[in-house]
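Student: Build me a structure from this.
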Amino acid sequence: MRLKLINIQLVLVLSVFSTWIIQAQTSGRCLALYPFADESSKKYGYIDCHGRVVVPPQFTLAEGFYEGMGRINVGTLNAPILGFVDLTGKIVIAPQPGYAGFFSEGLAAVENRKGSGYIDKTGKMVLRLKFQLGEDSPPVGDFSDGLAYVSTPDGIGFIDTSGRIVISPRYDDSSGFKDGMATVVINGKWGLINKQGEYIIAPQESVMSWPFNGLVNIESDGKRKYFDNTGKLVLEVSFDYAGDFSEGLAIIEIDNKWGYMDKTGAITIAPQFEEVHNFSDGLALVKVNSKYGFINPKGEIVIKPKFNEAQPFRSGLAYVQHESSFGYINNTGKFIWNNTNLSKSTNSLVRRRTSATYQTTKSVARKLKRCW
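Tutor: Numbers count the residues shown, from 1 in each chain. Presented below is the predicted three-dimensional model:
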(Lines give C-alpha, C1' and ligand atoms only; values in the text may rest on other atoms or scores of the structure.)
Protein backbone atom coordinates (compact mmCIF):
# COMPACT_ATOMS: atom_id res chain seq x y z
CA MET A 1 0.00 0.00 0.00
CA ARG A 2 1.70 3.20 -1.10
CA LEU A 3 2.18 5.93 1.48
CA LYS A 4 -0.01 9.03 1.19
CA LEU A 5 1.57 12.25 -0.01
CA ILE A 6 1.78 14.97 2.61
CA ASN A 7 0.97 17.41 -0.16
CA ILE A 8 -2.78 17.39 -0.70
CA GLN A 9 -3.45 16.49 -4.28
CA LEU A 10 -6.38 16.15 -6.63
CA VAL A 11 -8.97 13.62 -5.56
CA LEU A 12 -8.41 10.32 -7.43
CA VAL A 13 -4.78 11.17 -8.25
CA LEU A 14 -2.83 8.20 -6.86
CA SER A 15 0.85 8.61 -5.97
CA VAL A 16 1.53 11.52 -8.28
CA PHE A 17 5.09 12.63 -7.47
CA SER A 18 5.49 15.49 -9.86
CA THR A 19 4.03 18.93 -9.19
CA TRP A 20 0.81 19.83 -10.94
CA ILE A 21 1.98 22.39 -13.52
CA ILE A 22 -0.80 24.14 -15.39
CA GLN A 23 0.25 26.27 -18.32
CA ALA A 24 0.10 29.94 -17.37
CA GLN A 25 -1.27 33.09 -18.93
CA THR A 26 1.01 34.83 -21.40
CA SER A 27 0.47 38.42 -22.54
CA GLY A 28 -3.24 38.18 -21.74
CA ARG A 29 -3.60 34.98 -23.76
CA CYS A 30 -4.93 32.01 -21.82
CA LEU A 31 -2.82 28.88 -21.97
CA ALA A 32 -4.77 27.09 -19.28
CA LEU A 33 -8.22 25.69 -18.61
CA TYR A 34 -9.73 25.41 -15.15
CA PRO A 35 -12.35 22.87 -14.02
CA PHE A 36 -15.75 23.98 -12.75
CA ALA A 37 -19.01 22.24 -11.88
CA ASP A 38 -22.64 22.95 -12.69
CA GLU A 39 -25.12 22.49 -9.86
CA SER A 40 -28.12 21.41 -11.88
CA SER A 41 -26.40 18.76 -13.98
CA LYS A 42 -23.68 17.81 -11.45
CA LYS A 43 -21.33 17.77 -14.43
CA TYR A 44 -17.90 19.35 -14.90
CA GLY A 45 -16.55 21.57 -17.64
CA TYR A 46 -13.72 24.06 -18.14
CA ILE A 47 -13.33 27.83 -18.08
CA ASP A 48 -10.36 29.85 -19.33
CA CYS A 49 -8.25 32.33 -17.35
CA HIS A 50 -10.79 35.10 -18.01
CA GLY A 51 -13.70 33.08 -16.63
CA ARG A 52 -15.20 32.26 -20.01
CA VAL A 53 -16.77 28.82 -20.40
CA VAL A 54 -14.72 26.89 -22.97
CA VAL A 55 -16.13 23.41 -22.37
CA PRO A 56 -19.74 23.25 -21.12
CA PRO A 57 -20.36 20.90 -18.17
CA GLN A 58 -20.54 17.37 -19.53
CA PHE A 59 -18.04 15.22 -17.60
CA THR A 60 -18.34 13.27 -14.36
CA LEU A 61 -15.03 14.85 -13.43
CA ALA A 62 -12.64 17.29 -15.08
CA GLU A 63 -9.12 17.76 -13.74
CA GLY A 64 -6.13 20.03 -14.19
CA PHE A 65 -3.69 20.11 -17.08
CA TYR A 66 -0.30 18.47 -17.35
CA GLU A 67 1.72 19.26 -20.45
CA GLY A 68 -1.31 20.67 -22.22
CA MET A 69 -3.54 17.68 -21.52
CA GLY A 70 -6.47 17.58 -19.09
CA ARG A 71 -7.84 14.33 -17.75
CA ILE A 72 -11.61 13.76 -17.86
CA ASN A 73 -13.88 11.04 -16.51
CA VAL A 74 -17.12 10.11 -18.28
CA GLY A 75 -17.75 7.04 -16.15
CA THR A 76 -18.39 6.97 -12.41
CA LEU A 77 -16.00 7.73 -9.56
CA ASN A 78 -15.86 4.04 -8.66
CA ALA A 79 -15.64 2.82 -12.26
CA PRO A 80 -13.84 5.60 -14.11
CA ILE A 81 -13.72 5.90 -17.89
CA LEU A 82 -10.82 8.26 -18.49
CA GLY A 83 -9.73 10.30 -21.48
CA PHE A 84 -7.99 13.59 -22.25
CA VAL A 85 -8.86 17.00 -23.67
CA ASP A 86 -6.45 19.54 -25.11
CA LEU A 87 -6.29 23.27 -24.42
CA THR A 88 -9.06 23.95 -26.92
CA GLY A 89 -11.35 21.63 -24.97
CA LYS A 90 -11.36 19.01 -27.72
CA ILE A 91 -11.34 15.36 -26.65
CA VAL A 92 -8.08 14.13 -28.18
CA ILE A 93 -7.83 10.75 -26.43
CA ALA A 94 -11.11 8.87 -26.25
CA PRO A 95 -12.16 7.78 -22.74
CA GLN A 96 -11.54 4.14 -21.86
CA PRO A 97 -12.26 2.07 -18.73
CA GLY A 98 -9.31 1.60 -16.40
CA TYR A 99 -6.54 3.76 -15.00
CA ALA A 100 -4.80 6.63 -16.79
CA GLY A 101 -2.19 8.85 -15.16
CA PHE A 102 -1.28 12.41 -16.01
CA PHE A 103 1.16 13.28 -18.79
CA SER A 104 4.78 13.71 -17.84
CA GLU A 105 7.71 13.89 -20.26
CA GLY A 106 5.25 13.28 -23.09
CA LEU A 107 3.84 10.02 -21.72
CA ALA A 108 0.98 8.92 -19.48
CA ALA A 109 0.79 5.64 -17.60
CA VAL A 110 -2.25 3.46 -18.35
CA GLU A 111 -3.64 0.20 -17.08
CA ASN A 112 -6.70 -1.30 -18.73
CA ARG A 113 -7.96 -4.48 -20.32
CA LYS A 114 -5.39 -4.06 -23.08
CA GLY A 115 -2.54 -4.21 -20.58
CA SER A 116 -0.22 -1.80 -18.80
CA GLY A 117 2.18 0.69 -20.27
CA TYR A 118 2.46 4.26 -21.51
CA ILE A 119 0.60 6.21 -24.17
CA ASP A 120 1.69 9.28 -26.09
CA LYS A 121 -0.46 12.38 -26.67
CA THR A 122 -2.26 10.73 -29.56
CA GLY A 123 -3.37 7.88 -27.30
CA LYS A 124 -1.04 5.37 -28.94
CA MET A 125 0.50 2.75 -26.64
CA VAL A 126 4.18 3.41 -27.27
CA LEU A 127 5.56 1.41 -24.37
CA ARG A 128 3.94 -1.84 -23.29
CA LEU A 129 5.19 -3.45 -20.08
CA LYS A 130 5.80 -7.16 -20.51
CA PHE A 131 6.76 -8.19 -16.99
CA GLN A 132 4.48 -9.06 -14.08
CA LEU A 133 3.26 -6.09 -12.09
CA GLY A 134 2.44 -5.92 -8.40
CA GLU A 135 -0.83 -5.12 -6.67
CA ASP A 136 -0.17 -1.45 -5.93
CA SER A 137 -2.65 0.91 -7.52
CA PRO A 138 -1.47 2.19 -9.87
CA PRO A 139 1.42 -0.25 -10.46
CA VAL A 140 3.25 2.20 -12.74
CA GLY A 141 4.27 5.80 -12.11
CA ASP A 142 4.93 8.95 -14.12
CA PHE A 143 8.22 9.48 -15.92
CA SER A 144 10.48 12.05 -14.31
CA ASP A 145 14.18 12.50 -14.99
CA GLY A 146 13.73 9.82 -17.67
CA LEU A 147 12.73 7.12 -15.17
CA ALA A 148 9.42 5.80 -13.81
CA TYR A 149 8.71 3.54 -10.88
CA VAL A 150 7.04 0.17 -11.39
CA SER A 151 5.55 -2.08 -8.76
CA THR A 152 6.35 -5.77 -9.14
CA PRO A 153 5.92 -8.82 -6.89
CA ASP A 154 9.53 -8.23 -5.79
CA GLY A 155 8.93 -4.60 -4.83
CA ILE A 156 9.27 -1.22 -6.49
CA GLY A 157 11.96 -0.61 -9.11
CA PHE A 158 12.52 1.79 -12.01
CA ILE A 159 12.32 1.58 -15.79
CA ASP A 160 13.66 3.85 -18.52
CA THR A 161 11.69 5.09 -21.53
CA SER A 162 12.45 1.85 -23.42
CA GLY A 163 10.71 -0.15 -20.69
CA ARG A 164 13.96 -1.69 -19.49
CA ILE A 165 14.33 -2.17 -15.74
CA VAL A 166 17.36 -0.08 -14.78
CA ILE A 167 17.04 -0.21 -10.99
CA SER A 168 16.01 -3.63 -9.71
CA PRO A 169 12.72 -3.90 -7.81
CA ARG A 170 13.37 -4.16 -4.07
CA TYR A 171 11.86 -1.12 -2.39
CA ASP A 172 8.68 -0.94 -0.32
CA ASP A 173 7.91 2.59 -1.49
CA SER A 174 9.50 5.41 -3.44
CA SER A 175 8.93 9.01 -4.42
CA GLY A 176 10.02 8.63 -8.00
CA PHE A 177 12.93 10.68 -9.31
CA LYS A 178 13.22 14.42 -9.17
CA ASP A 179 16.38 16.51 -9.50
CA GLY A 180 18.40 13.32 -9.98
CA MET A 181 17.37 11.68 -6.72
CA ALA A 182 14.59 9.53 -5.29
CA THR A 183 13.57 8.80 -1.74
CA VAL A 184 13.09 5.08 -1.10
CA VAL A 185 11.74 3.01 1.77
CA ILE A 186 13.20 -0.43 2.37
CA ASN A 187 12.60 -2.65 5.38
CA GLY A 188 11.03 0.27 7.21
CA LYS A 189 14.02 2.56 6.70
CA TRP A 190 14.36 5.65 4.53
CA GLY A 191 17.16 6.33 2.08
CA LEU A 192 18.05 8.47 -0.93
CA ILE A 193 19.31 7.01 -4.23
CA ASN A 194 20.69 8.40 -7.48
CA LYS A 195 19.69 7.34 -10.99
CA GLN A 196 22.19 4.50 -10.91
CA GLY A 197 20.47 3.05 -7.84
CA GLU A 198 23.40 3.97 -5.60
CA TYR A 199 22.70 5.31 -2.13
CA ILE A 200 23.29 9.02 -1.65
CA ILE A 201 22.04 8.66 1.91
CA ALA A 202 21.99 5.13 3.29
CA PRO A 203 18.71 3.81 4.73
CA GLN A 204 18.13 5.07 8.25
CA GLU A 205 15.32 5.19 10.82
CA SER A 206 14.47 8.89 10.47
CA VAL A 207 11.65 9.65 8.03
CA MET A 208 12.80 11.49 4.90
CA SER A 209 10.74 13.81 2.71
CA TRP A 210 10.27 13.28 -1.00
CA PRO A 211 12.62 15.46 -3.13
CA PHE A 212 11.30 18.98 -3.60
CA ASN A 213 13.12 21.83 -5.32
CA GLY A 214 16.47 20.07 -5.14
CA LEU A 215 16.37 19.15 -1.46
CA VAL A 216 15.14 16.46 0.90
CA ASN A 217 14.74 16.95 4.61
CA ILE A 218 14.96 14.65 7.60
CA GLU A 219 13.64 15.12 11.10
CA SER A 220 16.26 13.81 13.50
CA ASP A 221 17.07 14.51 17.16
CA GLY A 222 14.55 17.35 17.26
CA LYS A 223 16.12 19.08 14.29
CA ARG A 224 15.20 19.43 10.65
CA LYS A 225 18.13 18.71 8.33
CA TYR A 226 18.17 19.55 4.62
CA PHE A 227 20.32 17.65 2.12
CA ASP A 228 21.02 18.21 -1.59
CA ASN A 229 21.28 15.55 -4.29
CA THR A 230 24.90 14.81 -3.38
CA GLY A 231 23.98 14.04 0.21
CA LYS A 232 25.54 17.26 1.47
CA LEU A 233 23.96 18.82 4.57
CA VAL A 234 23.03 22.35 3.50
CA LEU A 235 20.84 23.53 6.39
CA GLU A 236 19.92 22.51 9.91
CA VAL A 237 17.20 24.21 11.95
CA SER A 238 15.44 23.67 15.27
CA PHE A 239 11.79 24.63 14.93
CA ASP A 240 8.72 22.70 16.01
CA TYR A 241 8.21 22.03 12.32
CA ALA A 242 9.90 23.04 9.07
CA GLY A 243 8.70 22.16 5.58
CA ASP A 244 9.95 22.11 2.01
CA PHE A 245 11.17 25.22 0.22
CA SER A 246 8.95 26.82 -2.39
CA GLU A 247 9.86 30.07 -4.14
CA GLY A 248 12.75 30.45 -1.70
CA LEU A 249 10.78 30.14 1.53
CA ALA A 250 9.77 27.24 3.76
CA ILE A 251 6.97 26.93 6.29
CA ILE A 252 7.94 26.85 9.96
CA GLU A 253 6.01 26.36 13.20
CA ILE A 254 6.83 27.77 16.64
CA ASP A 255 4.42 27.35 19.56
CA ASN A 256 1.45 26.51 17.33
CA LYS A 257 1.94 29.60 15.14
CA TRP A 258 3.07 29.43 11.54
CA GLY A 259 5.49 31.55 9.52
CA TYR A 260 8.37 31.22 7.03
CA MET A 261 12.15 30.97 6.86
CA ASP A 262 14.64 31.50 4.02
CA LYS A 263 17.33 29.11 2.82
CA THR A 264 19.76 30.33 5.47
CA GLY A 265 17.33 29.33 8.21
CA ALA A 266 16.53 32.96 9.06
CA ILE A 267 12.92 33.74 9.95
CA THR A 268 11.60 36.09 7.28
CA ILE A 269 7.91 36.09 8.21
CA ALA A 270 7.36 35.71 11.94
CA PRO A 271 5.09 32.85 13.04
CA GLN A 272 1.71 34.49 13.57
CA PHE A 273 -0.81 32.61 11.46
CA GLU A 274 -3.25 29.83 12.31
CA GLU A 275 -2.44 28.02 9.09
CA VAL A 276 -0.15 28.62 6.12
CA HIS A 277 0.66 27.04 2.77
CA ASN A 278 3.64 27.10 0.44
CA PHE A 279 4.21 30.15 -1.74
CA SER A 280 3.00 29.78 -5.32
CA ASP A 281 2.63 32.47 -7.96
CA GLY A 282 4.29 34.86 -5.50
CA LEU A 283 1.53 34.54 -2.90
CA ALA A 284 0.84 32.27 0.06
CA LEU A 285 -2.49 31.22 1.49
CA VAL A 286 -2.78 31.98 5.23
CA LYS A 287 -5.47 31.72 7.87
CA VAL A 288 -6.24 34.59 10.25
CA ASN A 289 -9.15 34.54 12.71
CA SER A 290 -10.59 31.49 10.97
CA LYS A 291 -10.62 33.21 7.54
CA TYR A 292 -8.31 32.70 4.58
CA GLY A 293 -6.38 35.37 2.72
CA PHE A 294 -3.07 35.78 0.90
CA ILE A 295 0.30 37.35 1.75
CA ASN A 296 3.35 38.31 -0.32
CA PRO A 297 6.95 37.20 0.46
CA LYS A 298 7.35 40.24 2.74
CA GLY A 299 4.54 38.95 4.91
CA GLU A 300 2.20 41.75 3.83
CA ILE A 301 -1.47 40.88 3.42
CA VAL A 302 -2.40 41.55 -0.21
CA ILE A 303 -5.79 39.82 -0.27
CA LYS A 304 -7.72 40.35 2.95
CA PRO A 305 -8.59 37.20 4.94
CA LYS A 306 -12.31 36.85 4.31
CA PHE A 307 -12.73 33.49 2.64
CA ASN A 308 -14.34 30.51 4.36
CA GLU A 309 -12.30 28.16 2.21
CA ALA A 310 -9.49 28.72 -0.28
CA GLN A 311 -6.82 26.98 -2.32
CA PRO A 312 -3.35 28.35 -3.20
CA PHE A 313 -2.81 30.25 -6.46
CA ARG A 314 -1.86 28.30 -9.54
CA SER A 315 -1.12 30.09 -12.80
CA GLY A 316 -2.78 33.29 -11.74
CA LEU A 317 -6.00 31.95 -10.22
CA ALA A 318 -7.10 30.59 -6.85
CA TYR A 319 -10.28 28.76 -5.98
CA VAL A 320 -12.15 30.29 -3.01
CA GLN A 321 -15.42 30.35 -1.08
CA HIS A 322 -16.78 33.67 0.21
CA GLU A 323 -20.18 33.58 1.87
CA SER A 324 -22.48 32.22 -0.86
CA SER A 325 -20.01 32.73 -3.70
CA PHE A 326 -17.64 30.04 -4.92
CA GLY A 327 -15.21 30.34 -7.76
CA TYR A 328 -11.86 31.61 -8.99
CA ILE A 329 -10.18 34.89 -8.05
CA ASN A 330 -7.18 36.63 -9.62
CA ASN A 331 -4.20 37.99 -7.68
CA THR A 332 -6.07 41.18 -6.81
CA GLY A 333 -8.79 39.17 -5.07
CA LYS A 334 -11.38 39.83 -7.78
CA PHE A 335 -13.67 37.00 -8.87
CA ILE A 336 -13.16 36.15 -12.53
CA TRP A 337 -15.74 33.37 -12.33
CA ASN A 338 -18.22 32.34 -9.66
CA ASN A 339 -21.41 30.43 -9.38
CA THR A 340 -23.54 31.57 -6.47
CA ASN A 341 -26.06 28.85 -7.25
CA LEU A 342 -23.66 26.04 -6.46
CA SER A 343 -24.93 24.00 -3.55
CA LYS A 344 -22.57 23.55 -0.63
CA SER A 345 -22.23 19.85 -1.28
CA THR A 346 -21.54 20.28 -4.99
CA ASN A 347 -19.04 23.04 -4.29
CA SER A 348 -17.21 20.85 -1.83
CA LEU A 349 -16.59 18.45 -4.71
CA VAL A 350 -15.33 21.29 -6.88
CA ARG A 351 -12.95 22.50 -4.17
CA ARG A 352 -11.46 19.09 -3.61
CA ARG A 353 -11.13 18.23 -7.27
CA THR A 354 -9.71 21.51 -8.49
CA SER A 355 -7.04 21.92 -5.83
CA ALA A 356 -3.52 21.81 -7.21
CA THR A 357 -0.68 20.18 -5.38
CA TYR A 358 0.17 22.21 -2.35
CA GLN A 359 1.66 21.70 1.04
CA THR A 360 -0.68 22.01 3.94
CA THR A 361 0.56 22.59 7.44
CA LYS A 362 -0.98 21.71 10.73
CA SER A 363 -3.15 18.70 10.01
CA VAL A 364 -0.54 17.10 7.81
CA ALA A 365 2.44 18.15 9.87
CA ARG A 366 0.91 16.53 12.93
CA LYS A 367 0.54 13.24 11.08
CA LEU A 368 3.86 13.80 9.56
CA LYS A 369 6.64 11.59 10.06
CA ARG A 370 6.69 12.83 6.51
CA CYS A 371 4.91 9.98 4.82
CA TRP A 372 4.47 11.70 1.50
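Student: Please identify the nearest residue in space to residue 81, excluding sequence neighbours.
Tutor: Excluding the flanking residues, the one nearest residue 81 by Cβ to Cβ, 6 or more residues apart in numbering is residue 75, at 3.3 Å. Where you see a C-beta, it was placed from the backbone N, CA and C, and this is true even at glycine.
Student: pretty sure the one you found contacts residue 98?
Tutor: No: checked against Cβ atoms under 8 Å, the pair residue 75 and residue 98 is beyond contact range at 9.8 Å.
Student: Now the common contact residues for those two.
Tutor: Shared contacts of residue 75 and residue 98 (Cβ atoms under 8 Å, 6 or more residues apart in numbering): residue 82.
Student: Which secondary structure element is home to residue 230?
Tutor: Using DSSP states H and E, residue 230 sits in no helix or strand.
Student: which residues touch the residue nearest to it when sequence neighbours are not counted?
Tutor: Distances taken as Cβ to Cβ, 6+ apart place residue 200 nearest to residue 230, at 6.8 Å, with adjacent residues excluded. Residues in contact with residue 200, defined by Cβ under 8 Å, 6+ apart, are 181, 191-194, 227, 229-231.
Student: Show me what the closest residue to residue 243 other than its chain neighbours is bridged to.
Tutor: Leaving aside its sequence neighbours, residue 243 sits nearest to residue 251 (Cβ to Cβ, 6+ apart; 4.0 Å). Residue 251 has these beta-bridge partners by DSSP bridges: residue 260.
Student: Touching the strand or helix carrying residue 116 from outside, list them.
Tutor: Remark: residue 116 resides in strand 115-119, with elements defined by DSSP H and E. Defining contact as Cβ under 8 Å, 6+ apart, one finds that strand 115-119 is touched by 93, 100, 107-110, 125-129, 133, 139-140, 143, 148, 163.
Student: Any idea how many residues pack against the residue nearest to residue 81?
Tutor: 17 (other Cβ atoms under 10 Å).
Student: Surely it is in a strand?
Tutor: No: secondary structure assignment (DSSP: H, G, I helix; E, B strand; the rest coil) places residue 75 in coil, not in a strand.
Student: any idea of the pLDDT on it?
Tutor: Residue 75 carries a pLDDT value of 96.
Student: Ignoring the adjacent residues along the chain, who's closest to residue 305?
Tutor: residue 293 is the one closest to residue 305 (Cβ to Cβ, 6+ apart), at 3.2 Å.
Student: Show me what residue 185 is bridged to.
Tutor: Taking DSSP bridges as the rule, residue 185 bridges to residue 173, residue 190.
Student: That one reaches residue 172, doesn't it?
Tutor: Yes: contact criterion Cβ under 8 Å: residue 185 and residue 172 qualify, at 4.7 Å.
Student: any idea how far residue 177 is from residue 101?
Tutor: Counting by Cβ to Cβ, to the nearest Å, the gap between residue 177 and residue 101 amounts to 15 Å.
Student: Also residue 72?
Tutor: In terms of Cβ to Cβ, residue 72 sits 14 Å off from residue 101.
Student: Residue 139 now?
Tutor: 11 Å.
Student: So between the two, which is more surrounded?
Tutor: Between residue 139 and residue 101, counted using other Cβ under 10 Å, the more crowded position is residue 101 (25 against 19).
Student: The closest residue to residue 98 other than its chain neighbours - how many residues pack around it?
Tutor: Nearest non-adjacent residue to residue 98, counting by Cβ to Cβ, 6+ apart: residue 112, 2.9 Å away. Residue 112 sits with 15 neighbouring residues when counted by other Cβ under 10 Å.
Student: Which residues are in contact with residue 112?
Tutor: Taking Cβ under 8 Å, 6+ apart as the test, what residue 112 contacts is 96-100.
Student: now the residues you listed: which count as buried?
Tutor: In terms of neighbour count (16 or more other Cβ atoms under 10 Å), the buried residues within the contacts of residue 112 are 96, 98-100.
Student: Dump the contacts of residue 112 into TSV; add distance to residue 204 and secondary structure as well.
Tutor: Below are those laid out as TSV (distance: Cβ to Cβ, whole Å; DSSP: H, G, I helix; E, B strand; the rest coil):
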residue	distance to residue 204	secondary structure
96	43	strand
97	42	strand
98	38	coil
99	33	strand
100	36	strand
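Student: Output the residues you listed in TSV; the columns should cover distance to residue 62.
Tutor: Shown next, in TSV, are these (distance: Cβ to Cβ, whole Å):
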residue	distance to residue 62
96	17
97	18
98	18
99	17
100	14
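Student: can you put those in JSON lines and add pLDDT and distance to residue 313?
Tutor: JSON lines is the format used below for those (pLDDT from 0 to 100; distance: Cβ to Cβ, whole Å):
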{"residue": "96", "pLDDT": "95", "distance to residue 313": "33"}
{"residue": "97", "pLDDT": "95", "distance to residue 313": "35"}
{"residue": "98", "pLDDT": "91", "distance to residue 313": "33"}
{"residue": "99", "pLDDT": "91", "distance to residue 313": "30"}
{"residue": "100", "pLDDT": "94", "distance to residue 313": "27"}
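Student: of all those residues, which comes closest to residue 242?
Tutor: Within the contacts of residue 112, proximity to residue 242 (Cβ to Cβ) peaks at residue 99, which comes in at 35.1 Å.
Student: Show the contacting residues for that closest one.
Tutor: 80, 82, 109-112, 137-138.
Student: what residues are up against the nearest residue to residue 204 once chain neighbours are set aside?
Tutor: Nearest non-adjacent residue to residue 204, counting by Cβ to Cβ, 6+ apart: residue 189, 5.8 Å away. Under the criterion of Cβ under 8 Å, 6+ apart, the neighbours of residue 189 are 203-205.
Student: out of those, which are inside strands?
Tutor: 203-204 (DSSP state E).
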